[in-house]
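> what's the 3D shape of this:
(one chain, ligands or ions: 2)
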Amino acid sequence: MAALSRRAFIGAGFGLVVAAGVGVPIALSGRPADSTGSQLASRAPIPAAFRRALTIPAVLSPFAMDETTDHYRIVQRRAMAGILPGLSTPVWGYNGTFPGPTIVSRRGRTTSVTHTNELPVPTVVHLHGGHTPPESDGYPIDVVYPVGQTAADWRGMHDRPDRGDTAQGARTYTYPLDQRAATLWYHDHRMDFTGPSVWRGLAGFHIVTDDEEDALGLPSGARDVPLMLTDRSFRADGSLLYPSIDATLREVPGVTGDYVAGVLGDVMLVNGTPWPVLAVDRATYRFRILNACNARRLDLRLDPSPADGMVQIGTDGGLLERPIPQSHIEAAPAQRYDVLVDFSRYPPGTAVTMRNDFGDGRMSEVMRFVVGDRDGERFAAPARLSTIAPLSASDAVVTRTLRFQAGAGAHSWLIDGEPFSPDAVAANVRLGSVEVWRLVADFHHPVHLHLNPFQVLSRGSGGPGAFDAGWKDTIDLRPSEVATIAIRFDGYRGRYVFHCHNLEHEDMAMMANFVID
Ligand code: C2O
Ligand code: CU
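Numbering: from 1, shown residues only. Ligands and ions are numbered 1, 2, ... in the order given. So this is what the prediction gives:
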């Protein structure tokens, strides 16, 4: 479908909601405007909290290693997961698990991952936060058709993936990973259908390590804990509930009327387990927190906790320059926060709950830590963690303004008034140059740029916010706000996307291309 008819489609399809006078439904998750979206009520009984142990996704082993490269294989397939007591949940999993297996890579060693698609629909893999050449970045129409199917089987498909650099059955993605140690993640990125695919389970961690981070001697092993936070809703039979217009994920993208602003689940999962418990020693832990919710913003706090209960040491693009003691962490979808928590400050037996102050009722809790009586190593973050060369507005050769706003139909989300089209280019940038982008929002939009991390320069008339330090790849834009970011476009020439990481907004076209040449 060409850009024009696609836009016509969006306009026509979504008139109903406007006619009904609903407009853009916003922030119904409790406190108004904490999240852009509406909560979807599960039909299955909501499980009790703090009954099951946190599980840690398995670390994947390479099937081969050579001088430069670690080679991995992942099969994307259907599987059954035990998420709710007494019920089975069909998921789409990388190697059949949700979350997928964790890949751990060393900076500068190439990681090659061959993904085989045994799912019923085409898929695309994006390594979020990866400094990746365009052919492996998971461009939204560069699909891998399911094993045994061809483009011909998908001729009627809405988004015309046949225009992309497609593969049949399997594709090998190559990641140079010449980048700082950081907590990255990989997830599906198929044009128009990312939200439902990630909701069904297509997300996993990809951690990059390096010498600089090793030299700090941060908590490691069982005390280096990735936490993937996802909200989900369930049908009575335990299957995942998601309000797709077209549940086959074949022809019609998007979600039904009430959820066009974003789908919020009513069961909080951490690494795929509802409201889990982790038994901890009286020692310092490192938590790699990833908000992998489709649309829900989180405001995380430990209870009880001293005011400096979480010491933030890293974010999307790796270590901060200096640790920041935080009493709470606001995390928008796709953002990562690396924090240290010293449980030796609690008496043995203390139950420490991670709360979400942006959630109501059951969604105001996330997980629990139970402090044991074993003493372990305490780790005080050094005053200096890393060096971050600041980017400033004066480095910029170009300043652009980009508007992230709802379209006239309640069902369309636009950048500068345009829905995503693979054919349109919103920004042509020069390799090696620095640009300042002024990002203007109507509602909450977590805006993500592929390829290069950026620095937040300002919000409104003030400086960066409390959670903006370091190299970010996703900024939490707030309603009616103008934020400025500085980006150095380096590494590779080619076409990449930037988009809202509220996955419903992304699927309903809040995405655009930038081309580096
Ligand atoms: Cu996490 Cu373009 O994606
Ligand atoms: Cu958005």
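> Indicate the residue of the stretch 201-350 of the chain located nearest to ligand 2.
In the stretch 201-350 of the chain, the residue that lies nearest ligand 2 is residue 262 (7.6 Å; Cβ to the ion). From N, CA and C alone the C-beta is placed, and that goes for glycine too.
> quick one: contacts for that residue?
Neighbouring residues of residue 262 by Cβ atoms under 8 Å, 6 or more residues apart in numbering: 35-38, 294-296, 502-505.
> Quickly check those for the two that are furthest apart.
Farthest pair in the contacts of residue 262 (Cβ to Cβ) is 38 and 503. Separation: 14.1 Å.
> Looking at these two, which one has more neighbours?
Between residue 38 and residue 503, counting by other Cβ atoms under 10 Å, residue 503 is the more crowded of the two (30 against 23).
> and that one, how far is that from residue 285?
Here the criterion is Cβ to Cβ, to the nearest Å. By it, residue 503 lies 29 Å from residue 285.
> what number of residues lie near the nearest residue to residue 47 once chain neighbours are set aside?
Take residue 47 and drop its neighbours on the chain: the residue closest to it by Cβ to Cβ, 6 or more residues apart in numbering is residue 274, 4.9 Å away. By the criterion of other Cβ under 10 Å, residue 274 has 22 neighbours.
> what does the one 5 residues further on give?
The number of residues packed near residue 279 is 12, by other Cβ under 10 Å.
> cool, and residue 68?
For residue 68, the count of nearby residues is 10 (other Cβ under 10 Å).
> Mind listing the residues bridging to the closest residue to it other than its chain neighbours?
Nearest non-adjacent residue to residue 68, counting by Cβ to Cβ, 6+ apart: residue 110, 5.3 Å away. With beta bridges defined as DSSP bridges, residue 110 has these partners: residue 69.
> List the contacts of residue 110.
Going by Cβ under 8 Å, 6+ apart, residue 110 touches 68-70, 174-177.
> shaky segments in the protein?
1-33, 156-162, 409-411 (pLDDT under 70).
> Surely residue 293 is in a strand?
No. Going by DSSP: H, G, I helix; E, B strand; the rest coil, the assignment for residue 293 is coil, not a strand.
> Which residues are in contact with it?
229-231, 264-265, 333.
> mind checking the end-to-end distance for stretch 439-448?
Stretch 439-448 has an end-to-end distance of 11 Å (Cα to Cα, to the nearest Å).
> just stretch 47-64 next, same as before
One end of stretch 47-64 to the other measures 41 Å (Cα to Cα).
> So what's the gap between that stretch and the chain middle?
Centroid separation between stretch 47-64 and its chain, computed with Cα atoms, centre = their mean, to the nearest Å, is 18 Å.
> next one: stretch 387-402
Stretch 387-402 sits 24 Å away from the centroid of its parent chain (Cα atoms, centre = their mean).
> what's in contact with that stretch?
Applying Cβ under 8 Å, 6+ apart, the contact partners of stretch 387-402 are 320-321, 415-416, 426-427, 429-430, 433-440, 454-455, 457, 470-471, 484, 486-488, 512.
> Now, of the residues you listed, which are buried?
Buried members of those, counted by 16 or more other Cβ atoms under 10 Å: 320, 415, 426-427, 429, 434-437, 439-440, 454-455, 457, 470-471, 484, 486-488, 512.
> if we can go back for a sec, can I get the contacts of residue 293 in CSV with secondary structure, neighbour count and distance to ligand 2?
As requested, the contacts of residue 293 are exported to CSV (DSSP: H, G, I helix; E, B strand; the rest coil; neighbours: other Cβ atoms under 10 Å; distance: Cβ to the ion, whole Å):
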residue, secondary structure, neighbour count, distance to ligand 2
229, strand, 22, 19
230, strand, 24, 18
231, strand, 28, 17
264, strand, 28, 14
265, coil, 25, 17
333, coil, 32, 9
